[in-house]
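Enquirer: what would the 3D arrangement of this be:
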Amino acid sequence: MANSSEHQAFENLESKAVSQPLVTNIYTADPSAHVFENRIYIYPSHDIDAGVPEDDFGGHFCMEDYHILSMDTPTDTKASDHGTALHIKDVPWAEKQMWAPDAAYKNGIYYLYFPAKAKDGAFRIGVATSKNPAGPFKAQPEAIKGSFSIDPCSFVDEDGKAYLYFGGIWGGQLQRWQTGKFIADVKTPFDLEPADNALALCAKVARLTEDMLEFDEKPRDLVILDENGNPLLAGDHNRRFFEASWMHKYNGKYYFSYSTGDTHFICYAISDSPYGPFTYKGILLNPVIGWTNHHSVVEFKGKWYLFYHDCVLSEGKTHLRCVKCTEIFYNPDGTIQTVNAYKL
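Expert: Sure thing, here's the model as predicted:
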C-alpha cells in the first residue's frame with residue numbers, strides 16, 4: 001500500500017492527467033477501440049491482482065478473461081462494462097495469460113482476436129466469434145495455425161481484405177521464433193535478442209482468409225525504415241518496434257503505431273501499403289505512468305481519438321492499469337501531434 005506522500009503524489013498526477021479512467025470498477029489496459037453500430041466499443045485486457053510475483057517474463061500479467069466496454073461517444077467520461085465476454089476456461093488450447101486483444105467486423109460476424117499462453121509455454125493467437133459486438137464470444141477450438149507471439153491487431157481495409165498484425169519481444173517471445181520454431185529453453189526474456197548493430201526484430205503481418213479464422217499466407221515482416229530509407233536497428237530503442245501493433249488509415253495512407261517497450265513511447269510510421277515498408281515519422285504518445293504503453297486510434301464523426309492506459313488508478317502498480325481516451329490532431333502534412341498524457 002502506498003504511503004501518504006506517494007498517495008499525494010498520485011493525486012497530483014491525476015489532477016494533471018488530460019483524461020480520467022473510463023471505468024473504475026475493474027482494472028483495464030491495452031484498449032483496442034472500434035466504431036461498431038454507431039457506438040464506440042473498446043476491447044481491453046482485464047488486469048487482476050492474483051498475487052503472482054513480478055518477473056521479467058511478465059508472469060504478473062496473469063489476466064484470465066475479457067470484458068468489453070462501450071461508449072456513446074469518445075467524449076463520454078465513463079464507459080459501460082458489458083461483463084465477461086470470454087474466459088480462459090472456455091478456450092480449449094489456452095492455459096493462462098490472456099493479454100491484449102482486438103476485434104473486427106466482417107461477414108455479419110464480430111471477431112475477437114486474442115493471445116494466450118498455450119500448454120507448451122508458447123504464446124499463440126486465438127479467435128472467437130459473436131453476433132454481438134459486446135459478446136459473449138465463442139472461441140475456436142484451436143489457435144490460428146501458424147500464429148505466435150502477442151498483441152494481435154486486426155485491420156479490414158476498404159477493399160474488404162483483412163489483415164492481422166502481431167508480435168512482441170522479450171515477454172512477447174518474438175525473439176524466440178527467429179528460426180521458425182519456438183525455442184522454449186531460455187533463462188531470461190532477453191536471450192536471443194539481436195545485437196544493437198543488427199536489424200531490429202519486426203512486427204508481423206498476415207492477410208486473413210475470407211472467413212477471418214486463419215492466415216491466408218505465411219506471416220511476413222513489417223519493416224520500419226528511418227528517414228534515410230534504412231531499416232531500424234535493434235539498438236535504436238527509442239524507435240524500434242517492441243509490441244502493441246495498431247493499424248489505421250488516414251487520407252489514403254496506412255499508419256502503423258506501436259510501443260517501443262523499455263523506452264515507453266508510442267511511435268508511428270506511414271506507408272502506401274498495408275504490408276509496408278513503413279517510414280518512421282515520430283512519437284504519438286509520450287511515456288505514461290507505469291511500465292507499459294499500449295493504445296489504439298479511431299475516428300468518430302470526423303474527429304480522431306487515442307485510447308491508451310496508465311497506472312494512476314492503482315497508484316503505480318504496473319500490472320493494474322486503467323484505460324483512457326483523448327482527442328488527437330493531424331498536421332497538414334499528415335503527421336500527428338504528439339500527445340502528453342499529463343499537463344506540463
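
Enquirer: average pLDDT for the helix or strand where Glu11 lies?
Expert: Element membership for Glu11 (DSSP states H and E) is helix 4-16. For helix 4-16, the mean pLDDT works out to 73.

Enquirer: again, but for stretch 128-142
Expert: 98.

Enquirer: chain center to that stretch, what's the gap?
Expert: Between the centre of stretch 128-142 and the centre of its host chain there is 19 Å, according to Cα atoms, centre = their mean, to the nearest Å.

Enquirer: chain neighbours aside, what residue packs nearest to the residue nearest the centre of the chain?
Expert: For the chain, the residue nearest the mean C-alpha position is Ala244 (3.6 Å; Cα atoms, centre = their mean). Nearest residue to Ala244, sequence neighbours excluded (Cβ to Cβ, 6 or more residues apart in numbering): Ser259, at 3.8 Å. (Each C-beta comes from the backbone N, C-alpha and C, glycine too.)

Enquirer: please report how far the one you found lies from Gly167.
Expert: As judged by Cβ to Cβ, to the nearest Å, Ser259 and Gly167 stand 11 Å apart.

Enquirer: same deal with Ile289?
Expert: 25 Å.

Enquirer: higher neighbour count, the two?
Expert: Gly167 (29 against 20; other Cβ atoms under 10 Å).

Enquirer: next helix or strand past the one helix or strand in the chain whose mean pLDDT sits lowest?
Expert: When the helices and strands of the chain are scored by mean pLDDT, DSSP states H and E, helix 4-16 comes last with a mean of 73. Next along the chain after helix 4-16, taking DSSP H and E as the criterion, comes strand 27-36.

Enquirer: buried sites along that following strand?
Expert: Across strand 27-36, burial judged by 16 or more other Cβ atoms under 10 Å covers 27-34.

Enquirer: now stretch 169-180
Expert: The neighbour-count check on stretch 169-180 (16+ other Cβ under 10 Å) flags 169-177 as buried.

Enquirer: over to stretch 77-95?
Expert: 79-82, 84-86, 88, 91, 94.

Enquirer: return the member of those residues nearest to Tyr110.
Expert: Nearest to Tyr110, judged by Cβ to Cβ, of the buried residues of stretch 77-95 is Ala85 at 10.0 Å.

Enquirer: against Asn12, how distant is that closest one?
Expert: 35 Å.

Enquirer: list the contacts of Glu37.
Expert: Residues counted as contacts of Glu37 (Cβ atoms under 8 Å, 6 or more residues apart in numbering) are Pro133.

Enquirer: give me the phi and psi angles of it.
Expert: The phi and psi torsions at Glu37 (degrees, to the nearest 10) take the values phi 50, psi 40.

Enquirer: separation between it and Pro231?
Expert: Relative to Pro231, and taking Cβ to Cβ, Glu37 is found at 40 Å.

Enquirer: same question for Ile328.
Expert: 27 Å.

Enquirer: does Arg207 have beta-bridge partners, and which?
Expert: As for beta bridges, Arg207 partners with Tyr163 under DSSP bridges.
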